[in-house]
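Engineer: just the structure for this:
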Amino acid sequence: MKKASLQIFTAILVLGLLCGTVTAAPGIIEGVDPTPSNSTTVTGMVGALQTFTIPLNETAEVIWTENGVNTTIPTGDGNISTLSHTIQSGSYQVTASIDGVGQLSAWNVEGTAGVPVITLSDPSSSSVSNNVGESRTFTATVSPTSDMTWSLDGVTLYTNSSVDSSSYTNSSATEGTHTVTVNAVDGNGTAAESKSWTWIVSPSSGDGEVDVDINPTDDTIEMSEGKSQTFYVNSTNSQNINVDWRVNDVSKKTETGVTSSSYEFEPDTSGTYTLEAVVSDPSGTYDSLTQEWNVTVQSKYYSSGNRIWDEDLGMATTYTWTAQSYSGFYYDLDTGVSSEEMTIKDIGRNINDGDIEYSTKPTETDFEYGSWGSYQVIGFMAEKYFAGYSDNTSVDGVDDVSLISDGILAKILTDNDDKESAYSGDALVLEDGYSLNIVEVDVNGDTVWIQLEKDGDVVDDDFITSGQDYVYETELGEAEAYL
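Structural biologist: Model (predicted):
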């Protein structure tokens, strides 16, 4: 080949310096039992749902075996793997295991046939009342799944098949006392005990307060300074209402002739506030009502954000430090990416064993070379480590890789989009003893023969064309990494 120069646009990410490995195999956290407890017998009706959970000491792919059928479920928040199991007929086992580790937990399950059970869920009271013209929805649940049939005053209305919940709505009931009944029959033809509401419908006399829904329903609210909380009032029957929003007896917002109203409360100082929604009927038919909330606004740094916990400032006894409040955690000033935090519970003169919790998690960050998309990093003790490639990684030939799931921390050696000029025979010196040698450039300058060296030894060579990504794959522990 004729020696020629080539302007090469190089964006190189060298990932490799194995910084540490987690040698302990995944397992159940010592002192924390699975739910239900391991080796217990679980008895339930066929078709009912039973939840099984196991808390692990790290992320893992858990193989759940239900009566001989395998399902793989990865751990979620808190490294907990959860199985929602539908109880089957007869006696069988549910087990949880991990490849390479073996069985972690096992339960004996006894599925028994039973009578469906109906529960009046909304309203939960069996006696309700409305005025003529008002809409009322009745909702009931059944376990296990069954066909649910509704009737009004002994007249069948309709049936919902194979459901665990069903509703009936009526806005045209006449004055008087009515009976709303719901029945259920399961797939085996077993009938449940019917349930019913006694529904008293009164004349639309206009007596009583205006009927509205309030949110939040709890009249005691706690929030942090600088945050906001929205309060809502909605007419239950599309009737127009007037709403006057008041804070500490001072009117802040008034809306008239509306069917719903809201107010966003955003205090700028800590303290105790009384917030009221005074609701009235524009026609004067119904009496007005006042909904009152007692709002406690804690300081901005009540539960997190301050570098030093100070009892005199009234801070919460459960406090969280992040990279914004503790310089010992990793924080990228350019991107704002951080992943470490520490929470201390029951803060006092002494901190008990188990009351300090440190956590870190992978976060997505962009490559400096934008065409490559992004990859995952994780902070640990203020250092930045490579966590893996994700669906957002756009490098040709690079698949999803998670080093963290294999218990590996790998240092990021470099991530930049600098341009370099090189000629045949030149070498681009990289990090950690790597160098990229330009062996030859074809006469047209379209193809380059390159060799990758590590500590002077050739570990890979390839021919690449203009605009092509060069990827070198190696192993870190049991995981594959791409350099």
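Engineer: doesn't S81 make contact with T51?
Structural biologist: No: counting by CB atoms under 8 Å, T51 does not reach S81; the two are 11.3 Å apart. In short, each C-beta sits where N, CA and C put it, glycine included.
Engineer: who's more crowded, these two?
Structural biologist: A count of neighbours by other CB atoms under 10 Å puts S81 above the other of T51 and S81, at 25 against 10.
Engineer: OK, contacts around the more buried one?
Structural biologist: With CB atoms under 8 Å, 6 or more residues apart in numbering as the criterion, the residues that contact S81 are 53-54, 56, 60, 62, 64, 73-75, 96.
Engineer: any idea how many residues pack against T474?
Structural biologist: Residues near T474, counting by other CB under 10 Å: 14.
Engineer: now what about stretch 248-262, what contacts it?
Structural biologist: Against stretch 248-262 from outside (CB under 8 Å, 6+ apart): 230-235, 238-246, 263, 273-274, 276-277, 282.
Engineer: chain center to that stretch, what's the gap?
Structural biologist: 34 Å (CA atoms, centre = their mean, to the nearest Å).
Engineer: what of stretch 56-73?
Structural biologist: Centroid separation for stretch 56-73 versus its chain: 20 Å, with CA atoms, centre = their mean.
Engineer: quick one on the thing from earlier: filter the contacts of stretch 248-262 down to the buried ones.
Structural biologist: Among those, those buried by neighbour count (16 or more other CB atoms under 10 Å) are 231, 233, 235, 239, 241-246, 263, 273, 276-277.
Engineer: lowest pLDDT pick from those?
Structural biologist: Minimum pLDDT across the buried ones among the contacts of stretch 248-262 is recorded for Q239, with 83.
Engineer: surely that residue and D281 touch.
Structural biologist: Yes: with contacts counted by CB under 8 Å, Q239 reaches D281, the gap being 7.2 Å.
Engineer: and the residue nearest to the spatial centre of the chain, what pLDDT?
Structural biologist: Among the residues of the chain, the one closest to the centroid is D77, at 7.8 Å (CA atoms, centre = their mean). D77 carries a pLDDT score of 90 in this model.
Engineer: repeat that for L18.
Structural biologist: 34.
Engineer: could you do the one 4 residues further on as well?
Structural biologist: V22 is assigned a predicted lDDT (pLDDT) of 44.
Engineer: which residue packs closest to G328, ignoring adjacent ones?
Structural biologist: Setting aside the residues directly before and after it, G328 is nearest to A382 in space (CB to CB, 6 or more residues apart in numbering), at 5.4 Å.
Engineer: swap in Y385?
Structural biologist: L409 (4.7 Å).
Engineer: how does this protein divide into domains?
Structural biologist: 5-14+418-482, 41-112, 117-202, 212-298 (automatic domain parsing).
Engineer: listing partners with orientation, what would you give for the strand or helix carrying W245?
Structural biologist: Using DSSP states H and E, the element containing W245 is strand 241-247. Sheet pairing here is set by DSSP bridges, and for strand 241-247 it gives strand 250-258 (antiparallel), strand 271-280 (antiparallel).
Engineer: hmm, back to that, can you name the residues that contact the residue nearest to the centre of the chain?
Structural biologist: Going by CB under 8 Å, 6+ apart, the list of residues near D77 is empty.
Engineer: same deal with the one 3 residues further on?
Structural biologist: For I80, the contact set (CB under 8 Å, 6+ apart) comprises 53-56.
Engineer: which one of the residues you listed is nearest Q376?
Structural biologist: Among the contacts of I80, L56 lies closest to Q376 (CB to CB), at 20.2 Å.
Engineer: for the closest residue to that closest one other than its chain neighbours, give me phi and psi.
Structural biologist: With sequence-adjacent residues excluded and distances taken as CB to CB, 6+ apart, L56 is closest to N79, at 4.6 Å. Note on N79: backbone dihedrals following degrees, to the nearest 10 are phi 60, psi 40.
Engineer: straight-line length of stretch 412-424, end to end?
Structural biologist: 28 Å (CA to CA, to the nearest Å).
Engineer: pull the distance from it to the chain's centre.
Structural biologist: Worked out by CA atoms, centre = their mean, stretch 412-424 lies 39 Å from the chain centre.
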